[in-house]
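Peer 1: mind looking at a prediction? Sequence and model below.
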Amino acid sequence: MLAAIAPWARITRCTPLCALLLATVAATGCGNWNVEPVRLSFSLNSSLAAGCNGIPEPGQLRFYVSNLRMVEVNGAAAPVMLDAQPTQSQDAGIALVSWVGQCAGAQDDPHISGKVARGDYAAVEFELGVPFERNHAHPLAAPPPLNVPSMFWTWQSGYKFLRLDVGTGWSFHLGSTGCVSPSAVRPPESCARPNRATIRLPAAVAWDGVVVVDLDALLAGIDPTNAANCVDDYRAAPHCRHLLTRIGIDADNGQCDGGCGHQAFFRYEDGAE
């Protein structure tokens, strides 16, 4: 059996579902000789307030991560199979990362963990957001962490991919917009502006160092004490457009701007720094 499936980690034409199924077989039926653990540890950089993580009471920062994958030097992507945890849905491949003011209800150790086939990897990629097919489903029937009420708008609009509330009462809630359906409780067939960002970082972040969530870079030049909230049509206000730009999204079409390569919200920091 080992000889029959050992080469799969180097297969480049296998579909993501095929690779995920093979990873499951390898992890459960043949030991863990051809898979390795992946762990993304998140650290918040914020000067909003002194104290716990820089999120003032009653503020919070939460965001969904989906489609986590490792990218080989030849460009082939290997999906990461998430571990079963309260903040992760192994079936949906979605995780929720959270910080809450004064640490009340926050993750003590914000991270995402899973397993991937061994390979020669150059990068790690993930989506900031919830995939369309999961974004407009019934939240009461959804598995954790998609069952968090404060992260859901309506069936029409779907989830808040990112929710930032600060103690001044200012909020930035990122989600898909332009979602058309007969009513707010009917799922749409499409959304004009998906507003999902693709984040690409060095592969080393999966094993060493941290993913810095740079809230200061996101809010640079924006004063949350007097700025208008950014919770719906991000095109309407210049500061809301800037927020999407710093996440890598074109506010006009809701797509990655230049592959989201210019995003400034996430960065890799070596553990030795």
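Peer 2: That came in fine, so what should we check first?
Peer 1: rest of the way, CA atoms for contacts and neighbours
Peer 2: OK.
Peer 1: pLDDT wise, what is the closest residue to Asn45 other than its chain neighbours at?
Peer 2: Distance criterion C-alpha to C-alpha, 6 or more residues apart in numbering; nearest residue to Asn45, sequence neighbours excluded, is Asp214 at 4.8 Å. pLDDT, Asp214: 95.
Peer 1: I'd assumed Leu44 was in contact with Asp214.
Peer 2: Yes - counting by C-alpha atoms under 8 Å, Leu44 is a contact partner of Asp214 at 6.2 Å.
Peer 1: start to end distance for stretch 71-83?
Peer 2: Stretch 71-83 has an end-to-end distance of 19 Å (C-alpha to C-alpha, to the nearest Å).
Peer 1: equivalent analysis for stretch 213-230, please.
Peer 2: Stretch 213-230: ends 19 Å apart by C-alpha to C-alpha.
Peer 1: cool, and stretch 250-264?
Peer 2: One end of stretch 250-264 sits 14 Å from the other (C-alpha to C-alpha).
Peer 1: just the strands in the stretch 101-250 of the chain please.
Peer 2: In the stretch 101-250 of the chain, the strands defined using DSSP state E, counting those that start in this stretch lie at 111-117, 121-128, 152-154, 158-159, 162-165, 171-174, 177-179, 191-193, 197-202, 210-214.
Peer 1: of the ones you listed, which stretch is the most buried?
Peer 2: Using mean count of other C-alpha atoms under 10 Å, the stretch among these with the largest mean neighbour count is strand 158-159, at a mean of 28.
Peer 1: which other helices and strands contact that strand?
Peer 2: strand 152-154 (3 or more C-alpha pairs under 8 Å, 6 or more residues apart in numbering; DSSP states H and E).
Peer 1: relative to the whole chain's centre, how far out is the strand it packs on?
Peer 2: Its chain's average C-alpha position is 17 Å from that of strand 152-154, according to C-alpha atoms, centre = their mean, to the nearest Å.
Peer 1: packing partners for it?
Peer 2: strand 158-159.
Peer 1: parallel or antiparallel, list what pairs with the strand it packs on.
Peer 2: strand 152-154 (antiparallel) (DSSP bridges).
Peer 1: which residue lies nearest the spatial centre of this protein?
Peer 2: For the chain, the residue nearest the mean C-alpha position is Val65 (2.1 Å; C-alpha atoms, centre = their mean).
Peer 1: is it true that Val96 touches Leu61?
Peer 2: Heads up, residue 96 is Leu, not Val. No - look at Leu96 against Leu61 with C-alpha under 8 Å: they stay out of range, at 10.4 Å.
Peer 1: neighbour count: those two, which is higher?
Peer 2: Leu96 (25 against 21; other C-alpha atoms under 10 Å).
Peer 1: ok and the helix or strand harbouring that one relative to strand 121-128, angle-wise?
Peer 2: According to DSSP states H and E, Leu96 maps onto strand 94-100. Here strand 94-100 points in a direction 70 degrees away from that of strand 121-128 (axes from the mean of the first three to the mean of the last three C-alpha atoms, to 10 degrees).
Peer 1: who are the packing partners of strand 94-100?
Peer 2: Using 3+ C-alpha pairs under 8 Å, 6+ apart: strand 94-100 touches strand 60-72, strand 88-89, strand 111-117.
Peer 1: so what strands line up beside that strand?
Peer 2: strand 60-72 (antiparallel), strand 88-89 (antiparallel).
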